[in-house]
Each structure stands twice: as C-alpha cells, then as structure tokens.
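>>> task: produce atomic coordinates for the following.
(chains A and B)
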Amino acid sequence: MQTTLPLASVKKLGEFVDQDVRLRGWLYGGRSSGKIAFLMIRDGTGVVQGVLAKSDVEDEEMFQAARKIPQESSIIVAGKVRQDDRAPGGYELLLSHVETYSEAGEYPITPKEHGQSFLMDHRHLWLRSRLPHAILSIRSSVEFALRSFFDREGFTLVDAPIFTPNACEGTSTLFQTDYFDKQAYLTQSGQLYMEAAAAAFGNVYCFGPTFRAEKSKTRRHLTEFWMLEPEMAWADIDDVMQLAENMIASVIGTVLERNAADLATLERDPAKLEAIRPPFPRITYAEALEVLAKQGKTLAWGDDFGGEDETIIANSFAKPVFVHRWPREAKAFYMAPDPEDDRLVLGVDLIAPEGYGEIIGGGQRADSLTYLEEQIAAHDLPPEAFEWYMDLRRFGSVPHAGFGIGLERFVGWICGTHHVREVIPFPRTMNRLSP
RNA sequence: UCCUCGGUAGCUCAGCUGGUAGAGCAAGCGGCUGUUAACCGCUGGGUCGUAGGUUCGAGUCCUACCCGGGGAGCCA
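The predicted structure is shown next:
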C-alpha cells in the first residue's frame, strides 16, 4: 500500500475530505453483503464507517478477506474520506485497501447486551467500547479542568504521601500494610499534610488516590478513589464555599465545551449541567433538618444524614446545595468550633443534585492549640501521632480552611452514571481487585 | 456485618404444581451492492455455582457452603 498517504485520525477526518488517507486502528464491528462490506473502524479518537465495495478494491481476494476479519483485529486501511449523511458521524471512508496487522481471537464483548459483572471481568477490553470511552474521556477533561482551575487561582500543587504512619481517624477503615519492620497504612486523606503545606505556600492542593477499607457495597463507594484537596491559609468557611462553587462551575463549563459528543453518547442532557452556576444555595444543618421534616422525615438533632436524606435535600434545590455548621459529634476532631454556637463546628458538605450524594466535605480547621489538644483527648486519639500536626499551631497558627472533592462521585454526576465504578478505569471495590 | 435478589450454552435469559435441556445473540458455513445491535438459511455448542439430602425420577423441593447484583451502616 502507499505509505506516502497522509495518516488521519477519526477525530480529524474533516480535515481530509475527498483526500486519500491511511488510518490505523481496530475493527469495531461490521456487516457485509455479497458485493459491499461496511467496516466500523475504531482508532481511539472515534469510530468511522469504512465502505468496501468489491469494485473499488485492488483485487477480489482482499475484499473476501476483509469481510472475514474478526472483531477487534488491528487493521491498517487506506481510502478516500467522504462526507455522507448516511454514515454515523457524518464522514465515511471509501476503502481501497484493508490490511490486518494482528488477527483477533473470538472477542468476548459482542454488540449485544452484557451484565455488569461480565463487563467488569473484561474491563481491560471493555475500555474500547463507546460508553466507557466517553466516560473516561470526560474524566480526563475533569482532571485537566481541575488542575487548570487551581493553577489559575494561584494554588500550588503539593503531593501528599500515600503511606502514612498512623491511624488518624480510626483504624477500622484503613488498609494496613507491612513497612519493613513497622506497620503502615494507605492514606485516607492528604488533608493534614495540606495544612502543613498551606503554612508554607498559602494556597495549596493535592490530587491523588486515597483508600478506604470500608465494607461498603453501594453505587457511591470504591475502596480506591481519587480525591482533590485544596487548603487555604488565612481563610474561613465562607471562602471554602466560594472556592468550591467556582471550581465546580469551571469544570462543568470545560466539559460542556470539550465533551459535547461524549455527553450525547451517554444521553446526558447538557441543560441539567448548564444550569449549574454560582452561587449555590447555602443552608445550615438546622435548616436541613427542617427541609427533611417538611418532607416527613424527622431526624434527631445530631444525627448525620443517610443517602436517602441527602437525596431529599438535593431534590429540594435545582443546584448543588451546601449544608454548613454541623453538630460537633458528627464531624472530625480538627473542625473549628462555631464562635456563635459551641454545639457546632464550621464544617460544610456539598450535596450534588439528582441523588449523587455528598461530593465535597470540608470546612474551617481549628487553629487553637489548646482546643485541638482537648479534641484529640475527647476523641481518644493517640497524642504522640499528632505531634507534628500540633506544631502547625505552635509556630504561627492562622485561620485556615479547605475541602476534599471525590473525583468519581463528581464525574459520575456529570456523566449521569449509575455507579461510581463506571467512571474509574480499573475500579477497586470490596469484591473486585482485578483486572 | 445485616437485609434482599440472583447463579442454566461464549453472552443475555426462559424453563409452570418434580418427568430426562430451550430461545435470541455470538461462533462456523452459505446467500445478499447502502448496512446502522443488518437480514435470510444451515451447523456445532451444556458436570443447570458446589456438596449433601428427599424422591422411582431433581434445573425445579430441602440443608449447608461459595460467588455475584442491589441496599443499610460509614463515608468522598
């Protein structure tokens, strides 16, 4: 074949209309009749229909061979790009040459329906299919948009460690591992490290995998998930809410701009995302209890919300909703006390619309050394594990605040997926460690 | 850990009050010049999750266990 032909990609076919090009990819599927064959060719950037007419190819042998190429074989083709409304995507390739680089065995994922479990067992192959491809493309945009947003806002990326020496919020949900002659744990959160970094750089964030050994089997849980955690020095709970809503609006704007085709593949209505503009509603924990009571769901003061409660609250608003000022017992030891009500701490959660639940948790951190010492004792935590953390209050303590956003819940909401395992390339859940 | 639903061909499933295994798709062969999860014909394909039990006879009923889906608690 003529290797001098320009190499095209499916995404850029529009630049080669009426030209002969080469394309390298995989056979996604196809149909054929006696004298014409349609090959769906996938190259990673998209899928294009190749049309192979018996009269157009170099010899009949190539036509007969091309009809029988097994699904997902890697192929190199040549042909003329043509605009045609009959083709999905608007362009098709009038093939003159089809060459198999590596013939595939019997491919397990067929065009018919499969169960979740079967597909996840073949996740390494399932990634090639349209829906996972669209979802993971959006995930890539979200990560890009998050980093861009924080970079524009003047935040410094400071990577937090994955191995941590001590159980900071109880051991039951931590993965334990041997670390030479000691025990180590996989990180649950980079927050305490970000508090240290904020005193060095001002505004910082970390972004990486975190681990929870919770035996949770729900559509919102993974044992390994990605979390982005910004932390700001000289900041309070209101700064947290403002940063969070600007971040979410910015990311959604990027996805709407870059991934319109992916959202269409997922049949996700962009109008629901276009409506997500700041400011988001802000209600206190006490007000949230009233919202629930009006819907006939009465909770005692101090109770945390279940998944169903979060959905009721979310459905009462058109946008994501902040719930702030929580009972001290419901939140972690490092939360700053509310100066106006000592039963409360300055924590804030953001509940996503449409039942996607809590996607952000954060708040203002306690900056008083004596208050923190009391809280560590009250929570029965080993004080020696927090010596370095207490140093942050001994050497120039400032009001500071931050939050963590769960990437998979965020992407799941944007994509409208049923389960968070669909939005991470290789999910880790209680019952799945491979592929 | 608890509650709940499920495990039958490569896949998705049907299989009635117990009577000896089915469909569609996939695969293989053949046909068809505009297909969109193409269509038409033919062919091959099974330790019914595992181990016991009841019965003349178990995919079907009983017991235990294993595996998976969904949910609760906890969380992002």
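
>>> okay, the closest residue to RNA strand B within the stretch 151-300 of chain A and A:Val411: tell me how far apart.
At 3.0 Å from RNA strand B, A:Ser216 is the closest residue in the stretch 151-300 of chain A, using Cβ to the nearest atom of the strand. Where you see a C-beta, it was placed from the backbone N, CA and C, and this is true even at glycine. For A:Ser216, the distance to A:Val411 equals 18 Å [Cβ to Cβ, to the nearest Å].

>>> name the residue in the two with the higher neighbour count.
Per other Cβ atoms under 10 Å, whichever of A:Ser216 and A:Val411 has more neighbours is A:Val411, with 26 against 13.

>>> so what secondary structure elements neighbour the host helix or strand of the more buried one?
A:Val411 belongs to helix A:407-415 when elements are defined using DSSP states H and E. Helix A:407-415 sits against helix A:130-152, strand A:224-233, helix A:237-258, strand A:341-352, strand A:357-365, with contacts defined as 3 or more Cβ pairs under 8 Å, 6 or more residues apart in numbering; DSSP states H and E.

>>> which single residue of the stretch 51-200 of chain A ends up nearest RNA strand B?
Closest point on the stretch 51-200 of chain A to RNA strand B, by Cβ to the nearest atom of the strand, is A:Gly115, at 2.8 Å.

>>> ok, that residue to A:Asp121 distance?
As for A:Gly115, its distance to A:Asp121 is 10 Å (criterion: Cβ to Cβ).

>>> now do the buried residues in stretch A:400-419.
Residues A:400-417, A:419 are the ones in stretch A:400-419 that count as buried (16 or more other Cβ atoms under 10 Å).

>>> and what of stretch A:63-80?
Of all the residues in stretch A:63-80, those buried under the rule 16+ other Cβ under 10 Å are A:63, A:66-67, A:69, A:71-73, A:75-80.

>>> now render the residues you listed as TSV, adding distance to RNA strand B and pLDDT.
Formatted as TSV, those follow (distance: Cβ to the nearest atom of the strand, whole Å; pLDDT from 0 to 100):
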residue	distance to RNA strand B	pLDDT
A:Phe63	10	83
A:Ala66	12	85
A:Arg67	7	84
A:Ile69	10	88
A:Gln71	6	89
A:Glu72	10	91
A:Ser73	11	91
A:Ile75	15	92
A:Ile76	21	93
A:Val77	15	92
A:Ala78	16	92
A:Gly79	11	92
A:Lys80	11	93
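
>>> so which of the residues you listed sit within helices?
Judged by DSSP state H, helices contain the following of these: A:63, A:66-67.
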